[in-house]
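S.K.: sharing a model prediction with you, sequence too.
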Amino acid sequence: MSVPPGKLALPELAEMKRRGQKIVMVTAYDAPGARFAEDAGIDVILVGDTAAMVMLGYEGTTVPVTMDEMLFLTRTVARAARRPIVVADMPFGSYQVSDESAVTNAVRFVKEARADVVKLEGAGASLSRIRAIVDAGIPVMGHIGLTPQSATMLGGFKTQGRTAEKALKLVEDARALEAAGCFSIVLEAVPSPVAARITEAVSVPTIGIGAGPSCDGQVLVYHDLLGLSEGHLPRFVKRYANLSREIRDALEAYAADVRSGTFPSAEYAYEMDEEERAAFEATVRS
């Protein structure tokens, strides 16, 4: 795949790992969010299936979001993102059935939505899907640890790899993902010592979310870090703003101004030439 001028190339991520330069990744789901990320110098934008919860109103699960919804969201982000690598999160059901359907849907993300790469959850059965997609010429980001699409099988949204046996399995899974062709691996809700060993064990960059400081990069959900999400948040989320309060205050002030008649005042209204107004009024009266 060719890289447009100004676009961050995938090999640069590997070089950042080699240099010890941290990779910055954030989710985004629309053009304004992508532009803000672009302006902030973000390296990678993930159009995450977390859109199910933060954009589409589903509670506590990413599973219901559809291919069509993810294609639409990815397309809007890709239009606005120039430098960042745009990662399309393949939703539940888009790659689990077969290698063939996985490749077909990955191609749709690249061809129709203009994503640069796709992301799949898990190892195991996903390994053949990853190999097939990579063989089709589409780069793949892996994802292990807490994999939200299979959270029910994992016993809920819980930290993974807390025992020595399960931690070792995560290291093995990471190596398998690298061998299958993944250019990077997301580690979610993994104890810091385990994530550190995984990061040492693979040559591709690791991106942590609740996986401690030793990963090669970090990702957070846009709505979480900006304080747009409300209610319980995972321990690993750091809020950098409280925009939900600011938005609510602004809307309440707007509603009060409309109801009191103070908005719109003259400064927010359009006037017309007095002669034209007089002619208009005369015409209306007649």
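M.R.: That came through fine.

S.K.: low-confidence regions, the stretch 51-200 of the chain specifically.
M.R.: Under the criterion pLDDT under 70, the flagged ranges of the stretch 51-200 of the chain are 151-157.

S.K.: strands of that one, residue ranges please.
M.R.: In the stretch 51-200 of the chain, the strands defined using DSSP state E, counting those that start in this stretch lie at 85-89, 117-119, 140-145, 184-188.

S.K.: so what are the sheet partners of the shortest one and their directions?
M.R.: As defined by DSSP bridges, the strand partners of strand 117-119 come to strand 85-89 (parallel), strand 140-145 (parallel).

S.K.: ok, which of those strands comes nearest residue 244?
M.R.: strand 85-89 (23.6 Å; CB to CB). Using the backbone N, CA and C atoms, a C-beta is placed for each residue, glycine as well.

S.K.: got a list of contacts for that closest one?
M.R.: 7-8, 10, 13, 25, 34, 43-50, 70, 74, 77-78, 109-110, 113-119, 141 (CB atoms under 8 Å, 6 or more residues apart in numbering).

S.K.: out of the strands of the stretch 51-200 of the chain, flag the one nearest residue 273.
M.R.: The closest of those to residue 273 is strand 85-89. By CB to CB, the value is 48.9 Å.

S.K.: can you give me how far that closest one is from the chain middle?
M.R.: 7 Å (CA atoms, centre = their mean, to the nearest Å).

S.K.: send me that strand as PDB with only the CA atoms.
M.R.: Taking Å, rounded to 0.1, in the frame of the first residue of the first chain, the C-alpha atoms of strand 85-89 are listed here in PDB:
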ATOM      1  CA  ILE A  85      -2.300   6.300  10.900                       C
ATOM      2  CA  VAL A  86      -6.100   5.400  10.900                       C
ATOM      3  CA  VAL A  87      -6.900   2.100  12.400                       C
ATOM      4  CA  ALA A  88     -10.300   0.500  11.800                       C
ATOM      5  CA  ASP A  89     -11.500  -1.700  14.600                       C
END
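
S.K.: show me the helices in the stretch 1-150 of the chain, by range?
M.R.: 10-19, 31-39, 51-54, 67-80, 99-111, 126-135 (DSSP state H, counting those that start in this stretch).

S.K.: export those to TSV and tack on mean neighbour count?
M.R.: Shown next, in TSV, are the helices of the stretch 1-150 of the chain (neighbours: other CB atoms under 10 Å):
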stretch	mean neighbour count
helix 10-19	16
helix 31-39	17
helix 51-54	22
helix 67-80	20
helix 99-111	19
helix 126-135	21
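
S.K.: can I get these in JSON lines with distance to residue 229?
M.R.: Shown next, in JSON lines, are the helices of the stretch 1-150 of the chain (distance: least, CB to CB, whole Å):
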{"stretch": "helix 10-19", "distance to residue 229": "27"}
{"stretch": "helix 31-39", "distance to residue 229": "14"}
{"stretch": "helix 51-54", "distance to residue 229": "6"}
{"stretch": "helix 67-80", "distance to residue 229": "17"}
{"stretch": "helix 99-111", "distance to residue 229": "25"}
{"stretch": "helix 126-135", "distance to residue 229": "28"}
